[in-house]
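Peer 1: fold the stuff below for me.
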Amino acid sequence: MLAWGLAAVLGLSGCASAQAPTAAEVQAGEAPQTAIAASGGTDAAQNAAPDAAASPAAPVVRAYVAPAVPPAARQAVQDAYDAVKKRRWADLDRLVPLAAADPVLGQYPRYWALQRRLQDRTTPVPEADVQRFLKDNPATYLNERIRSDWILASVRAGDYAGAMRIAPAADPSSSVQCALLLARHMTGKHARASEVLDVFKPNADCWELLDQAAADHVLSRKEWNGLLRDTMESGKAADINRLASVAFDDAAMVQFAALMKDPRKWLAARAKPRSTTDFELTAIALSRLARSDDRAEAAQYIQAQWAAVMPKADLQWVWGQFGLVAALNVDADAARWYRQSGFVSMTDYNHAWEVRAELRASPIQWDRVAATIRKMSGPQADEPVWRYWYGRALAAQGNASAARQYFQSIENDLGFYGQLAAEELGGKPRLPATPAPLDPAWTAQAGANPGLRRAVALFDLGWRREAVPEWNFALRGMSDAQLRGAAEFALSEHIYDRVVNTSLQTRQVVDFSQRFIAPFEGRVAEKARQIDLDPAWVYGLIRQESRFITDAKSWVGASGLMQLMPSTAKYVARKIGLKDFTLSQVNDFDTNTVLGTSYMNMVLQGLDGSQLLATAGYNAGPGRPKRWRSLLQAPVEGAIFAETIPFTETRLYVKNVMSNTVWYAMLFSGQPDSLKARLGTVSPLDGTRTAQP
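Peer 2: Residues are numbered from 1 along each chain as shown. You can find the predicted model right below:
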């Protein structure tokens with residue numbers, strides 16, 4: 001079952017999170033929910049000696065001798081990069097042989113040229129050239145990339161048998177997964193509906209798979225309906241219309257277009273539905289009424305005109321959509337709508353919002369919180385967030401013993417809810433045991449790794465888009481000692497995001513000196529203390545914003561260590577009297593940290609000194625948390641406010657920053673720290689206007 005969130009409402013904000021955790025981040029080990037791998041309770045996790053298996057004998061490493069790189073060859077690589085960006089293909093082809101003399105990056109122009117040919121559907125797939133490239137670049141990131149490109153090109157050209165003969169990447173993209181499933185289907189081993197639904201994502205190759213699945217009747221009418229309903233939650237009109245065009249015939253598509261434009265008008269002109277398609281179109285139209293200006297009136301209309309006509313399950317799905325839209329609008333009626341949805345099948349995304357709606361209800365009915373979590377799938381209910389809230393629900397209902405078991409099951413999780421669980425058990429989060437010092441030989445081994453060296457060369461050129469996957473590919477299969485060595489190598493090269501993200505991948509050894517680095521020799525803390533700002537909070541925010549990348553640039557235009565939007569940077573510079581400021585200075589370390597910490601302080605003072613609210617305001621704009629507060633029915637604990645933030649990016653951002661802050665506070669002071677105390681309680685607030693961007 002697919003689960004996508006509704007599109008976020010865009011607005012001016014102080015920053016844009018450079019690294020909000022996603023499923024991809026979790027898979028790559030880049031989200032902070034990494035558990036301490038130790039048996040027993042918290043004390044065991046903190047005090048146990050590192051596992052001996054995690055400290056193998058250090059390798060014997062020859063001194064690394066960097067290969068000589070002819071300046072002309074490296075310049076040809078850079079010129080080829082520019083040629084690709086400007087689509088000057090003749091220049092690229094000319095530069096390929098010149099760049100080949102670069103022993104580190106010389107194969108990149110060759111790859112770019114070959115990739116372009118594979119993407120050109122008007123020319124034959126250059127199989128012989130691909131084979132030569134694979135032979136010349138064994139066990140490299142580019143070898144894997146070109147195999148993926150070759151698979152896609154072969155399937156697009158209709159050479160399904162050929163695509164099946166190509167060894168796929170170890171972690172294929174959704175495009176490659178769809179292409180391979182289509183190839184298998186077309187060569188006689190038909191795809192099952194469950195396989196199609198598992199791999200489908202809205203991209204060109206998956207649409208081709210879906211078109212063929214429709215032509216061959218792989219999915220049932222019920223499965224098509226479910227896929228379309230799930231896609232409706234994305235709010236992406238192009239994807240919704242594309243999927244509807246596959247799911248419905250031409251006549252039904254005319255009706256679909258009309259109901260999407262004006263569902264109330266379309267419903268008014270409809271007679272009682274008779275066919276399966278009529279019922280589905282009607283259910284979709286009714287669900288669209290949730291987006292009307294007056295949901296209560298729309299609900300009355302549904303009850304009066306359609307409740308007796310529609311099947312119970314369809315009507316329950318409609319109420320689930322009412323609940324979702326209301327929850328995302330911080331509407332107090334969200335829980336009431338959800339309670340009418342019964343046990344109808346919903347996406348994981350919608351199930352999560354049903355729980356959040358109950359948490360935000362006043363007063364909280366903890367039995368309903370527990371009941372909504374029990375409606376989730378097993379894997380979703382086992383996530384730390386929902387194990388924590390289920391434990392809270394059990395405790396509120398008097399089942400302290402069972403609640404304790406739930407808290408103990410996640411207390412070793414190093415993220416937001418592991419920290420809260422530790423406090424529910426009567427203690428506070430505790431730092432993991434400091435691992436034994438790393439033998440320098442492991443760092444030397446990393447420094448001699450060709451893939452890591454190649455990544456560093458790419459980082460040095462500022463080509464992060466190419467450098468990060470090259471680095472991550474080189475980490476595959478590494479032991480904890482090797483990963484720690486790679487993180488230390490990244491530290492020596494001042495590539496701070498790779499220090500953190502590499503260390504996050506260790507399985508037995510948890511090295512907080514890497515995972516929670518505090519670079520720049522105290523200069524960030526100094527800027528914070530100058531305006532009486534908590535350095536731990538500043539470091540916690542920077543770790544989430546940019547992973548300490550001074551020239552980070554987000555897709556929305558936020559820049560620098562503290563990811564300042566241009567409008568925010570200019571506003572703060574004017575407020576603090578920073579003379580002769582220009583946007584070209586925003587990536588300068590001192591300028592960025594002065595502006596960033598000053599803005600943090602402005603937002604903090606405007607939000608009653610609450611780090612929780614100010615963190616949300618830094619990400620989404622200070623007016624947003626004020627509005628969310630104004631819609632509260634009663635005071636709520638900070639953890640509930642954080643969990644019910646309606647913007648996915650901001651919700652994850654706030655939880656990560658606050659969790660980071662606790663660890664930094666403990667690392668800086670050596671004393672326990674309380675996440676609950678930092679989150680505090682959030683009370684309703686009248687008025688939402690703010691002068692800050």
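Peer 1: state the mean pLDDT of stretch 119-128.
Peer 2: The predicted model gives stretch 119-128 an average pLDDT of 95.
Peer 1: can you list the buried residues in it?
Peer 2: Residues 125-126 are the ones in stretch 119-128 that count as buried (16 or more other CB atoms under 10 Å). No exception for glycine: its C-beta is placed from N, CA and C like everyone else's.
Peer 1: can you dump the C-alpha coordinates of the helix or strand where Tyr406 lies into PDB?
Peer 2: Using DSSP states H and E, Tyr406 maps to helix 400-410. Listed next in PDB are the C-alpha coordinates belonging to helix 400-410 (Å, rounded to 0.1, in the frame of the first residue of the first chain):
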ATOM      1  CA  ALA A 400       2.000   0.600  34.500                       C
ATOM      2  CA  SER A 401       3.600  -2.800  34.100                       C
ATOM      3  CA  ALA A 402       2.800  -3.100  30.400                       C
ATOM      4  CA  ALA A 403       3.700   0.500  29.800                       C
ATOM      5  CA  ARG A 404       7.100   0.000  31.300                       C
ATOM      6  CA  GLN A 405       7.700  -2.900  28.900                       C
ATOM      7  CA  TYR A 406       7.000  -0.600  26.000                       C
ATOM      8  CA  PHE A 407       9.300   2.100  27.300                       C
ATOM      9  CA  GLN A 408      12.100  -0.400  27.900                       C
ATOM     10  CA  SER A 409      11.700  -1.700  24.400                       C
ATOM     11  CA  ILE A 410      12.900   1.700  23.000                       C
END
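Peer 1: separation between Asn137 and Ala100?
Peer 2: Between Asn137 and Ala100 the distance, using CB to CB, to the nearest Å, works out to 12 Å.
Peer 1: ditto for Glu223
Peer 2: Separation of Glu223 from Ala100 (CB to CB): 50 Å.
Peer 1: can you check Arg295 too?
Peer 2: Arg295 is 64 Å from Ala100, where distance means CB to CB.
Peer 1: the more surrounded of the two?
Peer 2: Neighbour tally, Arg295 and Ala100, criterion other CB atoms under 10 Å: the higher count belongs to Arg295, 19 against 16.
Peer 1: tell me the contacts of the more buried one?
Peer 2: Residues in contact with Arg295, defined by CB atoms under 8 Å, 6 or more residues apart in numbering, are 289, 322, 325-326, 331, 333, 337.
Peer 1: now do it against Val318, distance only.
Peer 2: Using CB to CB, one obtains 12 Å as the distance from Arg295 to Val318.
Peer 1: could you pull out the helices in the stretch 301-450 of the chain for me?
Peer 2: In the stretch 301-450 of the chain, the segments counted as helices under DSSP state H, counting those that start in this stretch are 312-328, 334-338, 348-360, 366-374, 378-381, 384-396, 400-410, 416-424, 440-447, 450-460.
Peer 1: wait, which of the ones you listed is closest to Val104?
Peer 2: Smallest distance to Val104 across the helices of the stretch 301-450 of the chain (CB to CB): 5.0 Å, for helix 450-460.
Peer 1: what is the burial count for Thr347?
Peer 2: 22.
Peer 1: oh sorry, the question was meant for Leu92
Peer 2: Neighbours around Leu92, by other CB under 10 Å: 22.
Peer 1: do the one 3 residues further on as well
Peer 2: The criterion is other CB under 10 Å. On that basis, Leu95 has 26 neighbouring residues.
Peer 1: check contacts around it.
Peer 2: Contacts of Leu95 were listed using CB under 8 Å, 6+ apart, and they are 76-77, 79-80, 83, 109.
Peer 1: can you select the buried ones from these in PyMOL?
Peer 2: What follows is the PyMOL syntax for the buried subset of the contacts of Leu95, where burial is set by 16+ other CB under 10 Å:
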select buried, resi 76+77+79+80+83+109
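Peer 1: now, the contacts of Leu95 that are in helices?
Peer 2: Secondary structure assignment by DSSP state H places 76-77, 79-80, 83, 109 of the contacts of Leu95 in helices.
Peer 1: and those as JSON lines, adding distance to Val524 and pLDDT?
Peer 2: Conversion of these to JSON lines gives the following (distance: CB to CB, whole Å; pLDDT from 0 to 100):
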{"residue": "Ala76", "distance to Val524": "39", "pLDDT": "98"}
{"residue": "Val77", "distance to Val524": "35", "pLDDT": "98"}
{"residue": "Asp79", "distance to Val524": "37", "pLDDT": "98"}
{"residue": "Ala80", "distance to Val524": "38", "pLDDT": "98"}
{"residue": "Ala83", "distance to Val524": "39", "pLDDT": "98"}
{"residue": "Pro109", "distance to Val524": "39", "pLDDT": "98"}
